[in-house]
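Enquirer: pasted the sequence and its predicted model underneath.
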Amino acid sequence: MEDSDFGSMLARLSEKSRNEYYNPYTKFSWPDSVSEDAWWMNPEYLTVHGTGLVEDERTLKALARYETVNFFSLHVHGIRELMIEVAKRIHTPDFADYNEYLHHFIGEENAHMWFFAEFCYRYTGGIYPEAASPLRREGHGDLWDDVVVFSRILIFEEIFDYFNSRMGKDQLIPDILREIHAAHHHDESRHVAFGKQLVKRLHQRACAADPERRDEIEKYIKDYMTYSVRSLYNPQAFRDAGVDKPLEVRRKAMQHPVREAFHVRVMARVDRFFVASGIFGTPWGEGHVSA
Ligand SMILES: [Fe+2]
Ligand SMILES: [Fe+2]
C-alpha cells in the first residue's frame, strides 16, 4: 500500500470511529445475573475441546465460565500494558501521521477494558491477576521497539478477533456475552486493518536503520505468539472449574495435537501477514504442527 493510500485509509478509519462512536457505559443492558446453567462459551472454544480430557458437562460448563473470565482478563492486562506503549508514542515526531487514529485506538481500548472487567466484577469474583510474562522486555528505545509493540498488539487483536467474531454470533451463549463479543469484534476489525499497515511500515523503517536485528525480532515475535496462545490455558481457571488434576489436564490439553492444530488456525491470518510482509522468513505455524 502506497503512503497516500495509507493516508486515506487512516482518514476513513478515523471517520468510521467517529461515526460509530458509542458510550460504553450505557451501551449494554446488564442483566441482574447470568445463569450458570448456560454455556458462557460454546464448548467448541474451550481449551480442552477435542482432547477428551474433560467429559463431564457440569465441569465443562464451569470451565466455560472461568475461561470467559480468563479471556476477558487477558484483554484487561494485555491492553493496559500495550496502551502505555501507545500513549508514550502519540504526538511524538515518529508517530505524527497517526495521532488522530491513535486517539481513537486509545479511547476504544479504554472502553473495551472497562466492559470486559465490568462483566467479570458483576457476575463472577472479578478478573484474574496478571500472569508473569517471560517475554516482558526492557526496550532498547529504538525503532525495533516500535515494531515489537505494534506486532504484539496485532497478535493480541487477532487472537481476540478469532473468538469474538464467532462468539458474537453464537446463539448458544447468554445475550450479554454475545453482545460484548460482537461489540469488540466491531471495533477490532478497524484496529487490525490499521495495525497491519502500521507494522509493515515500522518494520521497513527499522530494517533500513538497523538490519542486523531482524532475525532476533522475528524470533521474539514468534515466541510472543506461542506465549499468547498458551495464555488461554490458565491453571487457575482449571482449578476454579473443579477439573480433576488441573495442572496435569492443562499441560496435556496444551500439548495435544488437536490443540496445536487449533493454535495454528487461530494464528493463521496474522502468521500469513507476517510472512507476506517479509517480517517472517518462515511461518510461525511451521514449527507448531505436530501432525
Ligand atoms: Fe480491544
Ligand atoms: Fe484493539
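Expert: Looks like it came in fine. Ligands and ions are numbered 1, 2, ... in the order given.

Enquirer: only C-alpha atoms from now on, for both contacts and neighbour counts.
Expert: OK.

Enquirer: spit out the contact partners of residue 157.
Expert: 188, 191, 192 (Cα atoms under 8 Å, 6 or more residues apart in numbering).

Enquirer: nearest residue to the second one other than its sequence neighbours?
Expert: Closest residue in space to residue 191, ignoring its immediate chain neighbours: residue 105 at 7.1 Å, by Cα to Cα, 6 or more residues apart in numbering.

Enquirer: residues in contact with the residue nearest the centre of the chain?
Expert: Nearest to the mean C-alpha position of the chain, by Cα atoms, centre = their mean, lies residue 156 at 2.8 Å. The contact partners of residue 156, by Cα under 8 Å, 6+ apart, come to 78, 228.

Enquirer: roughly how far does it sit from residue 244?
Expert: 30 Å (Cα to Cα, to the nearest Å).

Enquirer: also residue 55?
Expert: Taken as Cα to Cα, the span from residue 55 to residue 244 is 11 Å.

Enquirer: and what of residue 276?
Expert: 43 Å.

Enquirer: what does residue 41 give?
Expert: Residue 41 is 20 Å from residue 244, by Cα to Cα.

Enquirer: ok, the two, which is more surrounded?
Expert: residue 41 (25 against 13; other Cα atoms under 10 Å).

Enquirer: verify the stated contact: the more buried one with residue 70.
Expert: No - the criterion here is Cα atoms under 8 Å, and residue 41 misses it with residue 70 at 11.7 Å.

Enquirer: check the gap between residue 121 and residue 167 for me.
Expert: 21 Å.

Enquirer: equivalent analysis for residue 145, please.
Expert: For residue 145, the distance to residue 167 - Cα to Cα - is 33 Å.

Enquirer: and these two? Which one has more around it.
Expert: residue 167 (23 against 19).

Enquirer: mind listing what that one touches?
Expert: 41, 42, 173, 178, 181, 182.

Enquirer: and these, which of them are in helices?
Expert: 178, 181, 182 (DSSP state H).

Enquirer: report pLDDT for the last one.
Expert: With respect to pLDDT, residue 182 scores 98.

Enquirer: can I assume it is in contact with residue 170?
Expert: No - contact criterion Cα under 8 Å: residue 182 and residue 170 do not qualify, at 9.7 Å.

Enquirer: these two: who's more crowded?
Expert: Neighbour count, other Cα under 10 Å: between residue 182 and residue 170, residue 182 has more, with 21 against 18.

Enquirer: show me what contacts that one?
Expert: 164, 165, 167, 168, 169.

Enquirer: just send the residues you listed back as a markdown table, with secondary structure and pLDDT too.
Expert: Shown next, in a markdown table, are the contacts of residue 182 (DSSP: H, G, I helix; E, B strand; the rest coil; pLDDT from 0 to 100):
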| residue | secondary structure | pLDDT |
| --- | --- | --- |
| 164 | helix | 98 |
| 165 | helix | 97 |
| 167 | helix | 98 |
| 168 | coil | 98 |
| 169 | coil | 98 |
